[in-house]
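Student: Here is the input, now give the coordinates:
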Amino acid sequence: MRQRRKYNSHLGSLKEEMNCQIPCEYYSNGRNIQNKIHIYLKGLVHVYFIAFVSFYYQLKGLYGRHGILPAHRFLKCHSEILYCFAERPTLAWFAPFFNLDVEHMLEFISLVAIVWCICVSCFSTHSPGMTTMTVLWISYLSLVNIGQTFMRFQWDQLLLETGFLSIFVSPLSSSKWAGPRSIIAMELVRWLMFRLMFASGVVKLTSGCPLWWSLNALPVHYESQCLPTRPAWWLYQLPECVHQFSVIMTFVIEIALPFLFYAPFKQLRRIAAYGQVLLMLMIIITGNYNFFNILTIVLALSVVDEELFLPVKPLSGCNHVGLISAVSVGSLGIIVHYLFPMTISDDWSVQFEIGFSYSQFVDFVYYATIASILLGGCSVVLAIWKQIFEYSSYGRNFIFSVFAMLLFLLSLPSYSTINTEVHQSIWPELHKLSDKVSSFNIVGSYGLFRRMTGADGRPELILEGADKLGGPWQELEFKFKPGNVRKPNKFTAYLQPRLDWQMWFAALSDYQHNPWLISLVYRILIGEKEVYRLMDMESFSDFSPAKPPKYVRGRLYTYRYAPIRNDTIAFPDIWWEREIVSEYFQPLSADDGFLLAYLKRIQVIGNDDVPPRNIFLSGFLDLIWLYMQLEVGGVTLLMWGYFCVLLYIVYFCVSLTYR
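Tutor: Below is the predicted model of the structure:
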């Protein structure tokens, strides 16, 4: 610490002597960096809170003893617990040590993590320490590794990889400064942000999707995404040229701007970060993607300069940096105009098109992938070099530096999948090592919105119930997915309704590839209350858990946004138009022989978990669950508490503006 103060004092005098002959942003002091890391870690804890509450809210219906995919069926340990944990890392293995069943163990893990997040977020002014970040990462890893189909989303992987890196960003104690380890780890976070955005942009074009290549993907996206919002309907009505320009800007933000994460000037890095924030805000407005957008915004904080978080008096003589940044942005605009030429027809309609071929883009991806790997690697090496010579603890820094380089190398096999030639040239031993640690989710492969589905309309699976085979049939609606054509799209408040999401995926295939769907139908037929909680029970006029339907069938529809009407532009009476496509599956009953045999084969029924023997703890967890389900003003206490913490998060974010 004494040496760092001496170094900062010397650095301050050195700046005055050199009169800012080199870019001023390289002279960030320790306090600036600490504030940047403090805000980054606090933001990540907020994301963890949203993720754990979302899981806890749906736990019993999805993974409970009588849920859609009971979690206990995946935990059959035939050897030592530690060997089972290494194969499938989850704290649920240790349920017998607490005399709990798997369902209550998952509740316990979720509640501990939620309470921990609240304490760190609302009752502590210090940065989250290494203990906090480790507990939250292991807890969420435990849930993901037992979550099966409902937890296989890229943002779950992204949160785990971000959380793992943040363990090394955080200080050993919440009241201390982590030193060089944090700065080196933040370079790995920057590299993660680059991989996420660049890969997401590249795969849109390398997939060969005609909608992306024709720049007409956004209208289809607004209509066919999993859970659209109300503004998506309005944006869908915009002119074609606006949609095409928006696609071009998406390519610029995701493919071009990530390289500015490593720009030597802070203005360029800020432009790159603000571009990602703008894109995430637009996605938040038009679609429900759980905590993904907030997590990406938190990651974007890792690429901006420290002065953004603790304003300091700017040094004189650095105006040339702004000029260089303006020239760089202007040059980027000229390149974009060349790559995406614009034509204006005689009727003044504007059209954009792509000015390069598929083979040319593949060649670009090859060289850009290699260049980005060299850029990211050099950035990590430079951070290691600076920190080793800045601090006196060479041995400890050296050990972590080797580990940091190993983490960087482990990311290459998954990242290089965006180009086959580069992927095949990666050292085979790295592929093997990456596969061995894959169960810990410390590195992942990303690429969002690779191909657009629903070019001819949105496929939608509708479940219907009846007491007789001859009908009448009533739709069994869900809380957030499209169903009733008069029901407007909803905003999920970041609570990802994972059942609604999987219904979207089920509509893209058949029930044979979605065994969880057959389990859902069975739980509806027997009136499983926790499964009904995941659905829109208020819309069921004829059925309830106490009076379930005797038959359930599935029908496949094609949904399209209703056209705009001049008298209903703000609040349309009909949001969707639909037409029947086919019967998805025939009517099923609770005593159907095929249904029961199938569920026994996949161990959904006939494979009950051992009941909990810890009566006190299991009863306490059940009491909390029942208490959280009490409604005040039509909203559960769990949701009221969730919204209160969200309000604090908003206050925390707003307060940053006035620091």
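
Student: Can you list the low-confidence ranges for the stretch 451-600 of the chain?
Tutor: Across the stretch 451-600 of the chain, the ranges flagged by pLDDT under 70 are 566-571.

Student: now the helices: where do they sit in it?
Tutor: Remark: helices assigned in the stretch 451-600 of the chain by DSSP state H, counting those that start in this stretch are 498-506, 515-525, 529-533, 593-601.

Student: ok, now the stretch 1-150 of the chain?
Tutor: Using DSSP H, counting those that start in this stretch, helices in the stretch 1-150 of the chain cover 2-18, 30-63, 81-87, 102-122, 130-144.

Student: I'd like those helices written out as TSV, with mean neighbour count and mean pLDDT added.
Tutor: All C-beta atoms are positioned from the backbone trio N, CA, C, and that covers glycine. Shown next, in TSV, are the helices of the stretch 1-150 of the chain (neighbours: other C-beta atoms under 10 Å; pLDDT from 0 to 100):
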stretch	mean neighbour count	mean pLDDT
helix 2-18	11	40
helix 30-63	23	87
helix 81-87	13	80
helix 102-122	21	92
helix 130-144	22	95
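
Student: Nearest approach to Gln351 belongs to which of the ones you listed?
Tutor: Distances from Gln351 to each of the helices of the stretch 1-150 of the chain were compared using C-beta to C-beta; the minimum, 40.1 Å, belongs to helix 30-63.

Student: Packing partners of that closest one?
Tutor: Judged by 3 or more C-beta pairs under 8 Å, 6 or more residues apart in numbering; DSSP states H and E, the packing partners of helix 30-63 are helix 102-122, helix 130-144, helix 154-169, helix 180-206, helix 292-300, helix 498-506, helix 529-533, helix 637-657.

Student: what's the third one packed up against?
Tutor: If I follow you right, that is helix 154-169. Right, helix 154-169 is packed against helix 30-63, helix 130-144, helix 180-206, helix 292-300, helix 394-415 by 3+ C-beta pairs under 8 Å, 6+ apart.

Student: Only alpha carbons, please: show the second one as PDB.
Tutor: Translated: helix 130-144. Only the C-alpha atoms of helix 130-144 are listed here, as PDB (Å, rounded to 0.1, in the frame of the first residue of the first chain):
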ATOM      1  CA  MET A 130     -14.700 -12.600  -2.800                       C
ATOM      2  CA  THR A 131     -16.800 -14.600  -0.300                       C
ATOM      3  CA  THR A 132     -20.000 -13.000  -1.600                       C
ATOM      4  CA  MET A 133     -19.200 -13.500  -5.300                       C
ATOM      5  CA  THR A 134     -18.100 -17.100  -4.700                       C
ATOM      6  CA  VAL A 135     -21.300 -18.000  -2.800                       C
ATOM      7  CA  LEU A 136     -23.500 -16.500  -5.400                       C
ATOM      8  CA  TRP A 137     -21.600 -18.200  -8.300                       C
ATOM      9  CA  ILE A 138     -21.700 -21.600  -6.700                       C
ATOM     10  CA  SER A 139     -25.400 -21.200  -5.800                       C
ATOM     11  CA  TYR A 140     -26.400 -20.200  -9.300                       C
ATOM     12  CA  LEU A 141     -24.200 -23.000 -10.800                       C
ATOM     13  CA  SER A 142     -26.000 -25.400  -8.600                       C
ATOM     14  CA  LEU A 143     -29.400 -24.300 -10.000                       C
ATOM     15  CA  VAL A 144     -28.300 -24.300 -13.600                       C
END
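
Student: could you check the angle helix 102-122 makes with that helix?
Tutor: Angle, helix 130-144 to helix 102-122, by axes from the mean of the first three to the mean of the last three C-alpha atoms, to 10 degrees: 140 degrees.

Student: quick revisit: go through the helices and strands packed on helix 154-169 and name the closest to Gln225.
Tutor: Per C-beta to C-beta, nearest to Gln225 of those: helix 292-300, 12.5 Å.

Student: Just the residues contacting the helix or strand just after that closest one, thanks.
Tutor: Counting by DSSP states H and E, the next helix or strand C-terminal to helix 292-300 is helix 319-339. Applying C-beta atoms under 8 Å, 6 or more residues apart in numbering, the external contacts of helix 319-339 come out as 23-25, 248, 252, 256, 263, 265-268, 271, 354-356.

Student: and of the helices and strands packed on helix 154-169, who's closest to Ser345?
Tutor: helix 180-206 (25.7 Å).

Student: now that closest one against helix 130-144, angle please.
Tutor: If you take the same axes, to 10 degrees, helix 180-206 sits at 30 degrees to helix 130-144.

Student: coming back round to it: including distance to Gln512, could the helices and strands packed on helix 154-169 go into a markdown table?
Tutor: As requested, the helices and strands packed on helix 154-169 are exported to a markdown table (distance: least, C-beta to C-beta, whole Å):
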| stretch | distance to Gln512 |
| --- | --- |
| helix 30-63 | 21 |
| helix 130-144 | 26 |
| helix 180-206 | 28 |
| helix 292-300 | 29 |
| helix 394-415 | 30 |
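
Student: So which of the ones you listed is nearest Ala590?
Tutor: Using C-beta to C-beta, the helices and strands packed on helix 154-169 put helix 30-63 closest to Ala590, at 17.9 Å.

Student: Just checking the distance from the closest one to the centre of its chain.
Tutor: 12 Å (C-alpha atoms, centre = their mean, to the nearest Å).

Student: just stretch 418-427 next, same as before
Tutor: 26 Å.

Student: Flag every buried residue along it.
Tutor: Neighbour-count burial for stretch 418-427 flags 418-419, 422-423, 426 (criterion: 16 or more other C-beta atoms under 10 Å).

Student: again, but for stretch 522-531
Tutor: 522-525, 527-528, 530-531.

Student: Select, from those residues, the two members most distant in space.
Tutor: So for the buried residues of stretch 522-531, where distance means C-beta to C-beta, the most widely separated pair is Leu525 and Glu530, at 14.7 Å.

Student: Which parts of the lengthiest strand in the chain count as buried, going by neighbours?
Tutor: Ranked by residue count under DSSP state E, the longest strand found in the chain is strand 576-588. In terms of neighbour count (16+ other C-beta under 10 Å), strand 576-588 has its buried residues at 576, 578, 584-585, 587-588.

Student: Check the gap between the residue nearest to Phe94 when sequence neighbours are not counted and Val437 for me.
Tutor: Nearest residue to Phe94 in three dimensions, chain neighbours excluded: Ile81, at 6.9 Å (C-beta to C-beta, 6 or more residues apart in numbering). Per C-beta to C-beta, to the nearest Å, Ile81 is found 20 Å from Val437.

Student: before we move on, what about Ala371?
Tutor: Taking C-beta to C-beta, one finds Ala371 at 27 Å from Val437.
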